[in-house]
Each structure stands twice: as structure tokens, then as C-alpha cells.
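A.B. asks: Using only what follows, build the 3D model:
(one chain, ligands or ions: 1)
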Amino acid sequence: MPASDRFLRAARHEPTDRVPIWLMRQAGRYQPSYRELRQRYGMLEIALSPQLAAEVTVRPVHDYELDAAILFSDIMVPLGPAGVRYEIREGVGPVVEAPIRTGAAVAALSVYDATVREPETAEAVERAVAALSGVPLIGFAGAPFTLASYLVEGRPSRTYSETKRLMWSRPSTWGALMDVLSEIVLRHLVLQVKAGAAAVQLFDSWVGALDRADYEASVLPYVRRIFQGLESYEVPRIYFAVGSGHLTAAMAASGATVLGIDWRQDLPSVRRELGPGLALQGNLDPVALLAPWAVTQEQAQAVLQGMAGEAGYIFNLGHGVLPDTQPDQVRRLVRLVHETGLAANG
Ligand code: 1CP
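C.D. replies: From the prediction side, this is the model:
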């Protein structure tokens, strides 16, 4: 079975010959070719150059025989045309020039026509799809809460204090912010699907900071709206968060067709809890790739064993590949999953 079929078939619960594998952050710092390119260009420069973004997107698929590519971009990219001034600071992450904490600041954000304002993203998708010879491309966006966390805090945070403060103390401002972010995200994802993305992933990386009641009241309705808006395009809809075991059942009611699960959770238990309706993706600890290969192998095999014989399963890490990962470990992991992850009804 060509790599081109495995990922999409598993996402749709169809039988596959092997367990498909792709890795969050598979294009990035751990690759010598990426580090070399970064000596010459900034991260955003690469993301906003269709030719460079496509090249970086395709490279790990060619190097490691992964079963899907993910567009090289960042969750902050669609916020630029909305009027947000930000930079990706070395060793820090996204830093916003003027954090958004008032109704006036929210009102200044604009929903825009992505086809007009994001031609670079559409062209990067088209170029990557053309170069991937049938291997599916995953388009992505940050989910409204995770985007809001950067906009309100102004930078990466551990406590999300300002974000929660806004959510709790000014519910109508929060609602307006989530409204505008949902619409921007939906349009950004539709743009990628129309340009050729075969699936989408919504990264809600930091939403695990909320308890279930706040998640259901103040975040889930907006995520639902995004997935609802994508339904008619009939592409798999992946929803991922970190440290969110307490939210899994609620996230399963978002309209996603695949849930990304981090390493803290036990995949077979999640499957039992949710039933077979949703495909699952995950969940090797990214740190396991830094261990001696015998340890990596043991942990990866335990993940595979837990899902042996299950349709609707995609191997991935529980979060992104860490920058100090040895490329050879990635190569060996892909081989291991393809060689031992046989039993997906094939
Ligand atoms: O130049 C660089 O290498 C800077 C590091 C970097 C990279 C490689 C950043 C800054 N963004 C990216 C690319 C990126 N970001 C991709 C494409 C690469 C791939 O997956 O193959 C994707 C999917 C993202 C998505 C992203 N950006 C998320 C969601 C996924 C996750 O890791 O949870 C988040 C939270 C961001 C914000 C962000 N951008 C960059 C950094 C270092 C961060 C995290 C900052 C923080 O800790 O809060």
C-alpha cells in the first residue's frame, strides 16, 4: 500500500496494511537541512515564502518515508493579516507587540478574505502538494483558545493568568475575541483545503490549562463552529491538545473526526472510553526519542501493542519532535512503525 493511502484510510477507519506515521514538528530544528536554511532566513520568512515553505514541508517525507506531510507554517501566521504585529523570537516563541486585553483591541482585529490576504499560504500548499506525489498534506491552524493565549499574554505563558482573567472577568470581550478568532481560523483552514490539503489539524496545545466546565462553556462552542464549517469539505478533522486528559470526552464532542492524544494518556483506555467512532492519533513521549534506541524501541512498541489490530489509528508523538532529537532516531522510528505496526486489519 503506498504511503499516499495509509494516513487517510486510517483517519477514515478503513483497513490499512501498516500503521501510518507522521510526527508533529517533523519539519524543524532537529533537521540539519532546516538549521542550515535558518542561517539564511527567519522562521516567518520561510513560512511566507511559498517555495521555501513547500521545500521544508516536503523534506522530512522524502528523508524518512513518513505517511503524511504537515504544512510548514506557524499558528501565528493568520493573525498577521488580521492586524496583529508579532515576531517569532529565537528561543522564546511568538511575542505580540501590543497584547489584546480590551474590547477596543478585540474590535480592531479584522476578519479578512483569506484568498486575497494569504496568497502565500495557498501557493505553499499547492507547491507542496505537487511535490509530494500523492502523499497527503495536512493543513493546520491554532485553535481559538491557544491563539488567544498568545494574543492576551503577549508571549508564551505557564499560568495563562491574563487569558483566564479576561475569560472570567469580561465574558463579552472574551466572546468577541473567540468569535473573530474562530472565523479567521475557519477561513485559513478552508483556504488550505481548497489549495489541496487532504486533512486539517487544529492545535489547541494549551487548552488543558482549563477545567472541563470552563472548556465547555467558553471554548468548545467555538471549536465546534470551526469543525462544523469544515464538514462539507469531507477531509479528516484532527483536534489535538497537550495535558488534556480531563477534557478528552468533551473534545470528542467537538466535531473532530480524529483526536490527537498526548503521552500522559493510555490510548487503549481512551479508545474504550470514547468507543470506535473517533480515530486516534499519538502518543509516544517526544522525550523517548532522546533515549538510547533500545528504550525508544520499547516505548514505541508498547504504544503499537496497545492499538494492535485497531482500525482508525495513526502513530504520532504525544507532542512535537524536540530540537535535540537525532535524525537517525526518527528514521528508525518510522521503520519500526512500518515493520511492526502490521495489524491494522490489513
Ligand atoms: O525558527 C524556528 O525554528 C523557531 C521554532 C518554530 C518552528 C519550527 C516556531 C516558533 N514555529 C515553527 C513551525 C511550526 N509551528 C509548525 C510546522 C512544523 C511542523 O510541524 O513540521 C507547526 C505545526 C507549528 C505550530 C505551533 N506553533 C504550535 C502548535 C503545536 C505545538 O507545538 O504545540 C504552537 C503552540 C506554536 C507557537 C510557537 N511557535 C514557535 C514556537 C517555539 C512556539 C511555541 C512557544 C511556546 O512554548 O509557547
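A.B. asks: In contact with the residue lying closest to Y215 once chain neighbours are set aside, which residues?
C.D. replies: The shortest distance from Y215 to any non-neighbouring residue, by CB to CB, 6 or more residues apart in numbering, is to L247 (5.3 Å). In short, each C-beta sits where N, CA and C put it, glycine included. By CB atoms under 8 Å, 6 or more residues apart in numbering, L247 lies in contact with V207, G208, L210, R212, Y215, A241.
A.B. asks: nearest to the ligand, of those residues?
C.D. replies: Nearest to the ligand out of those is A241 (CB to the nearest ligand atom; 8.7 Å).
A.B. asks: what number of residues lie near that closest one?
C.D. replies: Neighbour count for A241, taken as other CB atoms under 10 Å: 27.
A.B. asks: tell me the contacts of it?
C.D. replies: A241 neighbours (CB under 8 Å, 6+ apart): A143, F203, D204, S205, W206, V207, G208, L247, M251, G260, D262.
A.B. asks: restrict the residues you listed to those near the ligand?
C.D. replies: Among the contacts of A241, the residues that sit close to the ligand (CB under 6 Å from any ligand atom) are F203, S205.
A.B. asks: Could you list the low-confidence segments of the chain?
C.D. replies: For the chain, the stretches flagged by pLDDT under 70 are 1-3, 342-346.
A.B. asks: and G245, what does it touch?
C.D. replies: Counting by CB under 8 Å, 6+ apart, G245 makes contact with G208, D262, R264, Q265.
A.B. asks: can you tell me how far whichever residue of the stretch 51-200 of the chain sits closest to the ligand sits from L8?
C.D. replies: In the stretch 51-200 of the chain, no residue comes nearer to the ligand than G93, which is 2.7 Å away by CB to the nearest ligand atom. If you measure G93 against L8 using CB to CB, to the nearest Å, the figure is 31 Å.
A.B. asks: With neighbour numbers in mind, choose between these two.
C.D. replies: Taking G93 and L8 together and counting by other CB under 10 Å, L8 has the greater number of neighbours (19 against 13).
A.B. asks: Am I right that the more buried one sits in a helix?
C.D. replies: Yes: L8 sits within a helix when classified using DSSP: H, G, I helix; E, B strand; the rest coil.
A.B. asks: interface residues of the stretch 1-150 of the chain facing the ligand?
C.D. replies: So the stretch 1-150 of the chain meets the ligand at 24-29, 38, 43, 70, 72-75, 88, 93-94, 140, 146 (CB under 6 Å from any ligand atom).
A.B. asks: And for the residue lying closest to the residue of the stretch 51-200 of the chain closest to the ligand once chain neighbours are set aside, the neighbour number?
C.D. replies: Spatial nearest neighbour of G93, excluding adjacent residues (CB to CB, 6+ apart): P156 at 4.7 Å. For P156, the number of neighbouring residues by other CB under 10 Å comes to 13.
A.B. asks: how far is the helix or strand containing A105 from where the chain is centred?
C.D. replies: A105 belongs to helix 103-107 when assigned by DSSP states H and E. With CA atoms, centre = their mean, to the nearest Å as the basis, helix 103-107 stands 28 Å off its chain's centre.
A.B. asks: That helix packs against which elements?
C.D. replies: Using 3 or more CB pairs under 8 Å, 6 or more residues apart in numbering; DSSP states H and E, the elements in contact with helix 103-107 are helix 171-194.
A.B. asks: Sort out which residues of the helix it packs on are buried, please.
C.D. replies: Buried residues in helix 171-194, defined by neighbour count with 16 or more other CB atoms under 10 Å: 173-174, 177-193.
A.B. asks: is that helix anywhere near the ligand?
C.D. replies: No: judged by CB under 6 Å from any ligand atom, helix 171-194 makes no contact with the ligand; its nearest approach is 12.0 Å.
A.B. asks: Contacts only, for the nearest residue to E126 once chain neighbours are set aside.
C.D. replies: Among residues not flanking E126 along the chain, A195 sits closest, at 5.2 Å (CB to CB, 6+ apart). Neighbouring residues of A195 by CB under 8 Å, 6+ apart: T121, A122, E123, V125, E126, V129, G139.
A.B. asks: For the stretch 101-250 of the chain, just list every one of the strands.
C.D. replies: 137-142, 199-203, 237-240 (DSSP state E, counting those that start in this stretch).
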